[in-house]
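K.L.:
3D, please:
(one chain, ligands or ions: 1)
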Amino acid sequence: MIVVGVGGMGSAACYHLAKRGARVLGLEQFNIPHELGSSHGFSRMIRSAYYEHADYVPLLRRAWQLWEDLGRESGRPLLHATGGVYIGPGDSGFIHRSADAARRHGLPHQMLDRQQLAAKCPQFFVPDDYVALHETYAGFIEPERAISAHTSLAMQNGAEIHGNEPVTDWSSDDQGVTVRTARDTYRADQLIFCGGAWSDRLVRDLGVELVVTRQVLGWVQPKRTRLFDMGSFPVWAIDHLDGTIHYGFPILTDSPGLKVAHHRAGPRTTPETVVRHTLPGDEDDFRGVLTKFLPDADGPLLSIRICLYTNSPDGHFIIDRLPKHDRVTIACGFSGHGFKFATVVGEVLADLATTGKTDLPITFLGLNRFIQPQKSF
Ligand SMILES: Cc1cc2nc3c(=O)[nH]c(=O)nc-3n(C[C@H](O)[C@H](O)[C@H](O)COP(=O)(O)OP(=O)(O)OC[C@H]3O[C@@H](n4cnc5c(N)ncnc54)[C@H](O)[C@@H]3O)c2cc1C
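P.N.:
This next block holds a predicted model:
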């Protein structure tokens, strides 16, 4: 089996395949891990009351369990359960749909009015008409460590991983697949593409437009640091009622500052042309939410990092066999919310490559949803 792209999803696929005893070659164009794609910046939020689609919740339950297993196996926790607080005006669709998902799936949660929020999380200053949802099964994952753990354990289980070896071409036929790099040509039975923002370069006839956007991550030094330490402060999100949210994390022990970001598609770009240094205006992407809602965090800027979203047309992931290529599977279009699922995506990809099917609910992530039914008269 060949896995192209050893990032968030590809490293997990290599791990699950190798654990099953498959012969695996993972090919990555850059270092492992690196800061040029979608999986850097020290933390990724995981929440369970997922309102985006009912079938994400069973995937998340499995992902959570696999993150805990991976932490144990690698000797250090990768998922940190801090609880999560989601805040918005009384008519926030984000909060109400999250509460619905929590109720429907029996997830532990609590609705909070403004006073209850102030008692539980005094760091937030919100207008009178705001409400909040607190859920237990939320926290964050350390993405670079997760990629390193998946990759190292894949190698311990016999996988061969090549960094700094870009794939330049591939083909498939009835007998197998051929993958070419600048260094070599490889044959395998199955091919899995986990190319992130480069997916449309790897698979030119996907038939779905993937839009890559430039995203800003910010770190500040809070005015009152202690308030935002792990153990005192949960992961959080604030709904702006315009389809976008700001979100953030507690202070991590080994990356300085408090991290905050705006979840909405940023300016369209490409992985080759994206401006990776800080631009005037980048800080405005997150500063306002601190000033308005978290005044004790509204201190000096520490860092800005640039990351890439790969947006599918409907914001849902794409995990499927490639049409006309029985031996080729693709996982892409994670649309800015995929990392929390990386463990279970790795498991699904290993299922598809080794048995041709999976018991996990991924039908809603198939390519079929983009095919317009033909009108017949
Ligand atoms: C700013 C930001 C914040 C986010 N926050 C969250 C969050 O809080 N929670 C959450 O769940 N998700 C979050 N996400 C989304 C999540 O991080 C992504 O969905 C996830 O990292 C995507 O993983 P991937 O494996 O598809 O991409 P990547 O990890 O980028 O991996 C793709 C890999 O393919 C390699 N590759 C591409 N082409 C080739 C080639 N030709 N040859 C060899 N290798 C190749 C690349 O170099 C890369 O390493 C966020 C994303 C961003 C950008």
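K.L.:
from the ligand, how far out is H96?
P.N.:
According to Cβ to the nearest ligand atom, to the nearest Å, H96 and the ligand sit 21 Å apart. Heads up, the C-betas are built off the backbone N, CA and C, glycines and all.
K.L.:
which strands and helices sit next to the strand or helix carrying that residue?
P.N.:
Per DSSP states H and E: H96 is located in helix 93-104. Judged by 3 or more Cβ pairs under 8 Å, 6 or more residues apart in numbering; DSSP states H and E, helix 93-104 is in contact with strand 84-89, strand 109-112, strand 130-135, strand 235-239.
K.L.:
repeat that with 6 Å
P.N.:
Using 3 or more Cβ pairs under 6 Å, 6 or more residues apart in numbering; DSSP states H and E, the elements in contact with helix 93-104 are strand 84-89, strand 130-135.
K.L.:
show me where this protein has its helices.
P.N.:
Ranges of helices within the chain are 8-19, 56-74, 93-104, 114-120, 143-156, 199-202, 284-293, 342-355, based on DSSP state H.
K.L.:
residues contacting the residue in the chain that the ligand sits nearest to?
P.N.:
At 2.0 Å from the ligand, G7 is the closest residue in the chain, using Cβ to the nearest ligand atom. For G7, the contact set (Cβ atoms under 6 Å, 6 or more residues apart in numbering) comprises 37, 39, 196.
K.L.:
between these, which is nearest L107?
P.N.:
S39 (26.0 Å; Cβ to Cβ).
K.L.:
what about the closest residue to the closest one other than its chain neighbours, neighbour count?
P.N.:
Ranked by Cβ to Cβ, 6 or more residues apart in numbering and with sequence neighbours excluded, the top spatial neighbour of S39 is G8, at 4.1 Å. Counted with other Cβ atoms under 10 Å, the neighbours of G8 add up to 31.
K.L.:
I figured G8 hits F339, correct?
P.N.:
Yes - between G8 and F339 there is a contact at 5.3 Å, judged by Cβ atoms under 6 Å.
K.L.:
dump the residue contacts of the most centrally placed residue in the chain.
P.N.:
In the chain, the C-alpha nearest the mean C-alpha coordinate belongs to F339, at 2.2 Å (Cα atoms, centre = their mean). In this structure, F339 makes contact with 8, 44, 143, judged by Cβ under 6 Å, 6+ apart.
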